[in-house]
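Peer 1: Everything below, folded, please.
(2 chains)
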Amino acid sequence: MAIAIGSTATASTGSATFVTTPGVTTQVSGSTFWLGGAFGTGKFSSWSDAKGNTYAQIGTTQTSGAGSDGRQDQKINGTGGASHTQTINLSSATYATIFGVEITGADTTAPLDQSGGNVDSTSPYTSPSITTTVTNELLIGFSCEDSSGTIVHTFGNTFTLQREQQDGANFMTGAMGTRLVTSTLTTATSITVTGSVTDSIAFIATYKEAGSGGGPTITYPELERNVRGVCRGVLSHMRH
Amino acid sequence: MAANSFQIPQTSIPVGSFETPARQAPVAFSELGLQVTFSAFPANATFVFSQWISRDGGATFDQFGAAGIGPGLFDKAGNPTRNWFFKASVQTGDGTPFVPQGALFKVRFDNPQPLQIASGTLTLV
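Peer 2: Presented below is the predicted three-dimensional model:
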């Protein structure tokens, strides 16, 4: 099965101790779930999930100069089903904006290829540059901003905007986009905004298609030569 | 007011769970936004707000986002406030609105203290 995005969701609050995404129907098994979130600095407590999935952080938390934290997390080969929600739990009431993506058709053991995150104060807000290592991958780009007023996001580098929060008056603004690639490349999340932004935290994560493995590619002639070599070795061993 | 917006009138929310009657969605939507102004919000008050939808109009409702507060209610800058904002959105792969027109939706408060809503707006997009 080709790698693809399943459902996507986002939720924001101006002040809460937890925020939960809408319930969607996800694959019962085999999907990888990616989560990105930004919130008042130092307030992260945990992620929880209606299907009991536990999430592992990708990379490190990034803290903007304006005092917000951003992070991305994943559950590889998670459990899904109907009414699947994901929740960010915060140590005390604060603002939060979160994004969720279901990735179908990804490698079920080690799908994460490349990742990175950093703070950027100048538009276009750009993540660290990464270079993918296998041909078929799904790239997820994500940014959250300390902002005011209405913020409109435009992705560069051929990413497609999936979900965004534009209301900087009441929430932490942000956007999440994706890109499917069929050859290796070097790229980054790049988001241009209109509106008043003080600081941005930009992330990228790339996921490998099932079967891509990430190991060296072997051609059929090479495979045939290798098998012949093994057979010769076994026969030689038996003769002695 | 636009067809996709609902004014929330002054409402007393008793202790416990308070659920609005189910209403039919006048438009298909993927995003739900709520703004509430409380008459007062004591520093130690808490509540959980959740939305529920029945996409097929039947008796089974699924959660459409939720948020919990407390203690204290603050604006984005961290100042005590009586105004509270929540928004959630979702999209499935085919790009059609997640909740079809005519679906049922309702909202629920769970709060251990009585609260008074001064006004509010619920928006479906």
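Peer 1: Next, the contact list for the closest residue to A:Thr60 other than its chain neighbours, please.
Peer 2: If the residues on either side of it in the chain are set aside, A:Thr60 comes closest to A:Gly117, at 7.2 Å by C-beta to C-beta, 6 or more residues apart in numbering or on different chains. (Each C-beta comes from the backbone N, C-alpha and C, glycine too.) For A:Gly117, the contact set (C-beta atoms under 8 Å, 6 or more residues apart in numbering or on different chains) comprises A:Gly59, A:Thr60, A:Gln62, A:Gly70, A:Arg71, A:Gln72, A:Ser127, A:Pro128, A:Ile201, A:Ala202, A:Phe203, A:Ile204.
Peer 1: Among the residues you listed, give me the pair with the biggest separation.
Peer 2: A:Arg71 and A:Pro128 (14.7 Å; C-beta to C-beta).
Peer 1: who's more crowded, these two?
Peer 2: A:Arg71 (23 against 16; other C-beta atoms under 10 Å in any protein chain shown).
Peer 1: Is that one bridged to anything, and to what?
Peer 2: Using DSSP bridges, the bridge partners assigned to A:Arg71 are A:Gly37.
Peer 1: Confirm for me that it is in contact with A:Gly37.
Peer 2: Yes: at 6.1 Å, A:Arg71 counts as touching A:Gly37 under the criterion of C-beta atoms under 8 Å.
Peer 1: shared neighbours, the two?
Peer 2: With C-beta under 8 Å, 6+ apart as the test, A:Arg71 and A:Gly37 both reach A:Phe44.
Peer 1: and the residue located most distally from the centre of chain B, backbone torsions?
Peer 2: Using C-alpha atoms, centre = their mean, the residue of chain B lying farthest from its centre is B:Asp94. It sits 26.0 Å away. When read as degrees, to the nearest 10, the backbone of B:Asp94 gives phi -80, psi 0.
Peer 1: Let me know how buried B:Gly57 is, in neighbour terms.
Peer 2: Neighbours around B:Gly57, by other C-beta under 10 Å: 13.
Peer 1: er, A:Ser123 actually
Peer 2: A:Ser123: 16 neighbours (other C-beta under 10 Å).
Peer 1: touching chain A at all, stretch B:97-104?
Peer 2: Yes: counting by C-beta under 8 Å from any C-beta of the partner chain, contacts between stretch B:97-104 and chain A involve B:Phe98.
Peer 1: contacting residues for B:Leu104?
Peer 2: B:Ala22, B:Arg23, B:Gln24, B:Ala25, B:Ile53, B:Ser54, B:Gly57, B:Phe61.
Peer 1: Could you list the low-confidence segments of chain B?
Peer 2: B:1-2 (pLDDT under 70).
Peer 1: Around chain A, which positions in it sit nearby?
Peer 2: Close to chain A, as judged by C-beta under 8 Å from any C-beta, chain B has residues B:35, B:50, B:62-76, B:78, B:81, B:83-93, B:98.
Peer 1: Dihedrals phi and psi, A:Thr186?
Peer 2: phi -110, psi 130.
Peer 1: Model confidence for it, exactly?
Peer 2: In this model, A:Thr186 is scored at 98, pLDDT.
Peer 1: Show the pLDDT at the residue nearest to it when sequence neighbours are not counted.
Peer 2: Spatial nearest neighbour of A:Thr186, chain neighbours left out: A:Thr131 (4.4 Å); criterion: C-beta to C-beta, 6+ apart. Here the pLDDT value assigned to A:Thr131 is 98.
Peer 1: and the gap between A:Thr131 and A:Tyr125?
Peer 2: The spacing between A:Thr131 and A:Tyr125, counted by C-beta to C-beta, to the nearest Å, is 20 Å.
Peer 1: swap in A:Ala11?
Peer 2: 21 Å.
Peer 1: Compare these two and say which is more crowded by neighbours.
Peer 2: A count of neighbours by other C-beta under 10 Å puts A:Ala11 above the other of A:Ala11 and A:Tyr125, at 32 against 26.
Peer 1: what helix or strand does the more buried one sit in?
Peer 2: Element membership for A:Ala11, per DSSP states H and E: strand A:4-22.
Peer 1: Would you give the sheet partners of that strand, along with the direction of each?
Peer 2: Strand A:4-22 is paired, per DSSP bridges, with strand A:86-104 (antiparallel), strand B:62-69 (antiparallel), strand B:83-91 (antiparallel).
Peer 1: Throw those into JSON lines and include mean neighbour count and distance to A:Asn157, thanks.
Peer 2: Putting the strands paired with strand A:4-22 into JSON lines (neighbours: other C-beta atoms under 10 Å in any protein chain shown; distance: least, C-beta to C-beta, whole Å) gives the following:
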{"stretch": "strand A:86-104", "mean neighbour count": "24", "distance to A:Asn157": "18"}
{"stretch": "strand B:62-69", "mean neighbour count": "24", "distance to A:Asn157": "30"}
{"stretch": "strand B:83-91", "mean neighbour count": "23", "distance to A:Asn157": "21"}
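Peer 1: can I get those in TSV with distance to A:Ser212?
Peer 2: Formatted as TSV, those follow (distance: least, C-beta to C-beta, whole Å):
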stretch	distance to A:Ser212
strand A:86-104	13
strand B:62-69	34
strand B:83-91	26
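Peer 1: Out of those strands, the one nearest B:Ala118 is which?
Peer 2: Nearest of these (C-beta to C-beta): strand B:83-91, 9.6 Å.
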